[in-house]
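Trainee: Using only what follows, build the 3D model:
(one chain, ligands or ions: 2)
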Amino acid sequence: MNTIDVQGVSKSYRSGRGRVAALSDVSLRVAAGGALAVLGRSGSGKTTLLHCIGGLERPDAGRVFCAGTAVHTLGPGALARFQRRRVGFVFQSGNLLSFLTVRENLALPLELNGILGRERDRRVAALLEAVGLPGVGAALPRELSGGEIQRVAFARAIAHGPAILLADEPTASLDSETGERLIGSMLEWATGHAATLVVATHDPDVVARVTAAIRLKDGRLEEPA
Ligand SMILES: Nc1ncnc2c1ncn2[C@@H]1O[C@H](COP(=O)(O)OP(=O)(O)O)[C@@H](O)[C@H]1O
Ligand SMILES: [Mg+2]
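Mentor: Ligands and ions are numbered 1, 2, ... in the order given. Predicted coordinates:
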C-alpha cells in the first residue's frame, strides 16, 4: 500500500561551513492515504526529508520505505523508474521547464510513462481542466501568475497518477486564498486516489487540514509538532 515509513534517517552535507547535519535520526510513518505536514523554520531539514522520501537524495543512514519500495536501496535505474511511476513532486517555485509550453510540461511525465499520442493529449486536457486552467495549454510558464504556475506544477506532479505526492512549501509564494485552493486540490486529489501526501509548510491553513503534523528543528524531530 501507499505507506511511507522513514526509519532513523540521517543526512549531512559538506559545505563551506564544514559538515552540516541536515537530518539526524528522523523516523516517521504516514499511513496510506494520509496527509502529513512537515513544519520547521528555514534550514531545519524539511526539503532534505522530502528529498530522502522521494529518493532525490540518499540518506547517509537509515531506511526509507515508500509505497512498498525500499527507496534507500535502489540503484540509479530502479530509482528513476520508481520516481517517474510512483512519486509526484511539487517544488517550492514550480520548476516548470521555461522553454516548454504548459501543455508540453504536462506531456513530459506522461511520455516518460509511455503514454503518447491522443491518450496523452486527452490526459493533458483533463489535467488542465482539473486544476481549473483549461485555457493555458499553449502558454509559456513566464506568461502565468505564481498561483497558475503552482497549479500547473501540481498537475504535472499528478499526471502519471503517483502513489506518493511530495510538496515542498507549495503555497509559500501565494496569497492565502490561492494557497488555500491549491492545498484543497491536493488533499482532495490525494484522498480520491488513495495517495499519500507529505507537505512541507509554514502555512497554518495547511496544518489545519492535514491528518498529522511533525516539526523539525536543526534536523531533529521535535515533539509534539
Ligand atoms: N546541497 C546542500 N549542500 C550543503 N548544505 C545543504 C544542502 N542542502 C541543504 N543543506 C543544509 O542542510 C540544512 C537543511 O536544509 P533544508 O533541508 O533545505 O532545510 P529547509 O527545507 O527546512 O529550509 C541547512 O542547514 C542547509 O543549509
Ligand atoms: Mg526547504
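
Trainee: Quick check: the residue of this protein nearest ligand 2.
Mentor: T47 (3.2 Å; Cβ to the ion). Yep, even glycine has a C-beta here, placed from its N, CA and C like the rest.

Trainee: That residue - how many residues pack around it?
Mentor: Residues near T47, counting by other Cβ atoms under 10 Å, number 20.

Trainee: That one should be in a strand, yeah?
Mentor: No - counting by DSSP: H, G, I helix; E, B strand; the rest coil, T47 is not part of a strand but helix.

Trainee: As PDB, could you dump the C-alpha coordinates of the host helix or strand of Q150?
Mentor: Following DSSP states H and E, one finds Q150 within helix 146-158. Taking C-alpha atoms only, helix 146-158 is exported to PDB below (Å, rounded to 0.1, in the frame of the first residue of the first chain):
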ATOM      1  CA  GLY A 146       2.600  32.500  -9.400                       C
ATOM      2  CA  GLY A 147      -0.700  30.800  -8.500                       C
ATOM      3  CA  GLU A 148      -1.200  29.400 -12.000                       C
ATOM      4  CA  ILE A 149       2.400  28.100 -12.100                       C
ATOM      5  CA  GLN A 150       1.800  26.200  -8.900                       C
ATOM      6  CA  ARG A 151      -1.400  24.700 -10.200                       C
ATOM      7  CA  VAL A 152       0.400  23.600 -13.400                       C
ATOM      8  CA  ALA A 153       3.200  22.200 -11.200                       C
ATOM      9  CA  PHE A 154       0.600  20.300  -9.200                       C
ATOM     10  CA  ALA A 155      -1.000  19.000 -12.400                       C
ATOM     11  CA  ARG A 156       2.400  17.800 -13.600                       C
ATOM     12  CA  ALA A 157       3.100  16.100 -10.300                       C
ATOM     13  CA  ILE A 158      -0.100  14.000 -10.500                       C
END
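
Trainee: residues from this structure in reach of ligand 1?
Mentor: Y13, S15, V20, A22, G40, S42, G43, S44, G45, K46, T47, T48 (Cβ under 6 Å from any ligand atom).

Trainee: In TSV: those residues, plus pLDDT.
Mentor: Listed next are the residues of the chain next to ligand 1 as TSV, based on pLDDT from 0 to 100:
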residue	pLDDT
Y13	95
S15	86
V20	92
A22	97
G40	94
S42	95
G43	94
S44	96
G45	97
K46	97
T47	97
T48	97
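
Trainee: Any chance of a PyMOL selection covering the buried ones in the residues you listed?
Mentor: Here is the PyMOL selection string for the buried members of the residues of the chain next to ligand 1, based on 16 or more other Cβ atoms under 10 Å:
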select buried, resi 20+22+40+44+45+46+47+48
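
Trainee: Save the residues of the chain next to ligand 1 as TSV, and put in distance to E222 too.
Mentor: Listed next are these as TSV, based on distance: Cβ to Cβ, whole Å:
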residue	distance to E222
Y13	21
S15	23
V20	18
A22	15
G40	8
S42	15
G43	14
S44	9
G45	11
K46	12
T47	17
T48	16
